[in-house]
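Peer 1: Quick check, what structure comes out for this input:
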Amino acid sequence: MPAPTKLPPVDDLVKLRAPSRSHYACRMLAEGMHDRERCAQGHTLTYIAALYGVTRQAVYLKLKEAGHDTGGQRYAETLPWRVAQEHRDDWDAQMLRELAKRQQGLPPGYRASGVALDMWLEALDRAGQVVDYDREKGFIRVKRLKGDGKGYIRKPKHPKRNRPAPE
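Peer 2: Now for the predicted structure:
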């Protein structure tokens, strides 16, 4: 018999991962007030895990075992670095993910709007900056160089080479 879990049924997890409506409804679902019509959607595995007091991996495995896509979005073009856990929710990281969604023709996530992304991009353009990443310092804004092209990031010389040590 499987061990008891704090996670809700898979159908509820799938609703939490789908495109967004309201943060309040998500909290209601997590607290057992199953208003599925108003359920907040579009949340990350990390956010769902925090709501239920479990690990991100527990959410991932439950969805995967039920045959649901857990791949999430692909952000390799705008986030070519292996980002440390403590930097994943930095504003620049959020905006780079939003930029990737826009480039893929997807709607903005629940935390950001298209206006926030436009303002962030305008600020980078005005300052003549791009975003770079350092595993120790996190995301940093640096002066745009000719080699940066028209993008908003400083592409690493060796993408994904800064992988964390196994835990």
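Peer 1: for this protein, what spans make up the helices?
Peer 2: Ranges of helices in the chain, per DSSP state H, are 10-17, 23-30, 45-52, 56-65, 91-103, 114-127.
Peer 1: Could you export those as a markdown table, including distance to Tyr75 and mean pLDDT?
Peer 2: (C-beta placed from N, C-alpha, C; glycine too.) A markdown table is the format used below for the helices of the chain (distance: least, CB to CB, whole Å; pLDDT from 0 to 100):
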| stretch | distance to Tyr75 | mean pLDDT |
| --- | --- | --- |
| helix 10-17 | 16 | 74 |
| helix 23-30 | 22 | 49 |
| helix 45-52 | 14 | 79 |
| helix 56-65 | 17 | 82 |
| helix 91-103 | 4 | 89 |
| helix 114-127 | 14 | 92 |
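Peer 1: Can you tell me which of these is nearest to Lys150?
Peer 2: Nearest to Lys150, of all the helices of the chain, is helix 114-127, at 9.8 Å by CB to CB.
Peer 1: other SSEs contacting that closest one?
Peer 2: Other helices and strands packing on helix 114-127, by 3 or more CB pairs under 8 Å, 6 or more residues apart in numbering; DSSP states H and E, are helix 91-103.
Peer 1: I'd like to know how many residues surround the residue lying closest to Gly151 once chain neighbours are set aside.
Peer 2: Among residues not flanking Gly151 along the chain, Val130 sits closest, at 6.9 Å (CB to CB, 6 or more residues apart in numbering). Val130 has 21 neighbouring residues, counting by other CB atoms under 10 Å.
Peer 1: returning to what we had before: tabulate the helices of the chain in TSV, adding columns for mean neighbour count.
Peer 2: Shown next, in TSV, are those (neighbours: other CB atoms under 10 Å):
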stretch	mean neighbour count
helix 10-17	18
helix 23-30	18
helix 45-52	19
helix 56-65	16
helix 91-103	19
helix 114-127	13
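Peer 1: Which among these is found nearest to Asp134?
Peer 2: Nearest of the helices of the chain (CB to CB): helix 91-103, 11.9 Å.
Peer 1: quick one on the thing from earlier: got a markdown table for the helices of the chain, with distance to Arg135 too?
Peer 2: Compiled in a markdown table, these are given as follows (distance: least, CB to CB, whole Å):
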| stretch | distance to Arg135 |
| --- | --- |
| helix 10-17 | 28 |
| helix 23-30 | 31 |
| helix 45-52 | 19 |
| helix 56-65 | 20 |
| helix 91-103 | 13 |
| helix 114-127 | 22 |
